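Engineer: Okay, here's the prediction I keep looking at, along with the sequence it came from:
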Amino acid sequence: MKKGTILSLLAVLAITVMQSCSAGNGWVKVEGNKFIDPDGKEIIFRGLCFSDPVKLVRDRQWNERYFDEASKWGANVVRFAVHPQNINSMGWERTFQAMDQGIEWAKQRGMYVIMDWHSIGNLKEERYTSGMYNTTKAETFKFWRTVAQRYKDEPQVALYEIFNEPTINGTGPCTWTEWKQLQEQIIDTIRTYNPHAVCLCAGFNWAYDLTPVAKEPIARENVAYVSHPYPMKRDQPWEEQWEKDFGYVADTYPVVCTEIGFCLENEPGAHVPVMSTDVYGEHITKYFEKKGISFTVWCFDTSWAPMLISDWDFTPTTQGRFFKSYLQSKK
């Protein structure tokens, strides 16, 4: 082989290695109990939960205006709540095409994306709290294979939320050990296609309870934990109970509260466990700041409670006013 050919091959190899390293460095990653951005700095995610890409397409609100408003509110991350019933109704390819566009809109505005498989119930037993959440283990693995393959070169899709709200209340038996192992299998599937994905793992009690993590953490790297500490999950005073139920985890691993929020008792959509006042907003945000916990607020929609907006002119609700002001103060 000629010297020039060898040098050319070495140059190509060097470029390939550099591109590979660059691709790896372009991803958010976990270091200790922190998220680290591609520049090597700690990032705390603060943003908004979108209702569902399919719902928003049908409502004619899946557009740049919607993403613009999320950015104006101060979000650095948005959560795509993908419901099994909806993705099957509109079709997987059409749904993913819509999400491709949404990811591009998020990227243009400097917002990361949480991809959320939005089911509620017991995946092990395949029993759920409502028909819109019905899925199977096979379909769940299929969803994450599809996500990991499709977005393996897209660092903007930074967080993969494996299962929205696990619960064994009325949905059959499942131990934490069994749920932990099932999540680890899903993570392994994701990592086959995207080794950079940060996977988010939730506990039982509708993704509130992380107490089992103390003794049996997920046995995988580059993971973070999820809690949904709505106001009525615990009575006031909250902080000491939050610390025992999920907050202590943030001393060792990153925690993302992918759903928080509240509405007044007399507001549309008021239900257990979300009824409260601005007092909850003040307490939960101060607690998150103290612990370095990331969050997204439910829900940037006009009809899925607790709502952040009351119309498609993006008029804030009670909680909308609070969280819009808070997010903008952190931008």
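Structural biologist: Looks like it came in fine.

Engineer: so S71 touches G110, yeah?
Structural biologist: Yes: shown here, S71 and G110 form a contact pair, counting by Cβ atoms under 8 Å, at 7.3 Å. In short, each C-beta sits where N, CA and C put it, glycine included.

Engineer: Contacts for whatever helix or strand I103 lives in, please.
Structural biologist: Using DSSP states H and E, the element containing I103 is helix 92-108. Contact with helix 92-108 is made by 53-54, 57, 62, 64, 67, 78, 80, 82, 86-87, 112-113, 115, 146, 150-151, 154, 156-157, as judged by Cβ atoms under 8 Å, 6 or more residues apart in numbering.

Engineer: next one: stretch 311-319
Structural biologist: 61, 69, 261-264, 267, 277-278, 281, 297, 302, 306-310, 324.

Engineer: Restrict the residues you listed to the buried ones and give me that as a PyMOL selection.
Structural biologist: In PyMOL, this line selects whichever of these come out buried by 16 or more other Cβ atoms under 10 Å:
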select buried, resi 61+69+261+262+263+267+281+297+302+306+307+308+309+310+324
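
Engineer: which sections of this protein are below the confidence cut-off?
Structural biologist: In the predicted model, the chain carries pLDDT under 70 at residues 1-25.

Engineer: before we move on, the earlier item: by contact count, what packs against the helix or strand just after the helix holding I103?
Structural biologist: Sequence-wise, the next helix or strand downstream of helix 92-108 (DSSP H and E) is strand 112-117. With contacts taken as 3 or more Cβ pairs under 8 Å, 6 or more residues apart in numbering; DSSP states H and E, strand 112-117 sits against strand 77-82, helix 92-108, helix 137-150, strand 157-161, strand 255-260.

Engineer: Might you report the residue contacts of A70?
Structural biologist: So A70 contacts 47-48, 50, 78, 109, 111, 300 (Cβ under 8 Å, 6+ apart).

Engineer: I meant W242, not that one.
Structural biologist: 229, 234, 287.

Engineer: And for L182?
Structural biologist: Contacts of L182 (Cβ under 8 Å, 6+ apart): 123-124, 137.

Engineer: and what of F45?
Structural biologist: 35, 76-77, 112, 114, 159, 256, 294-296.

Engineer: 6 Å instead, please
Structural biologist: By Cβ atoms under 6 Å, 6 or more residues apart in numbering, F45 lies in contact with 77, 294.
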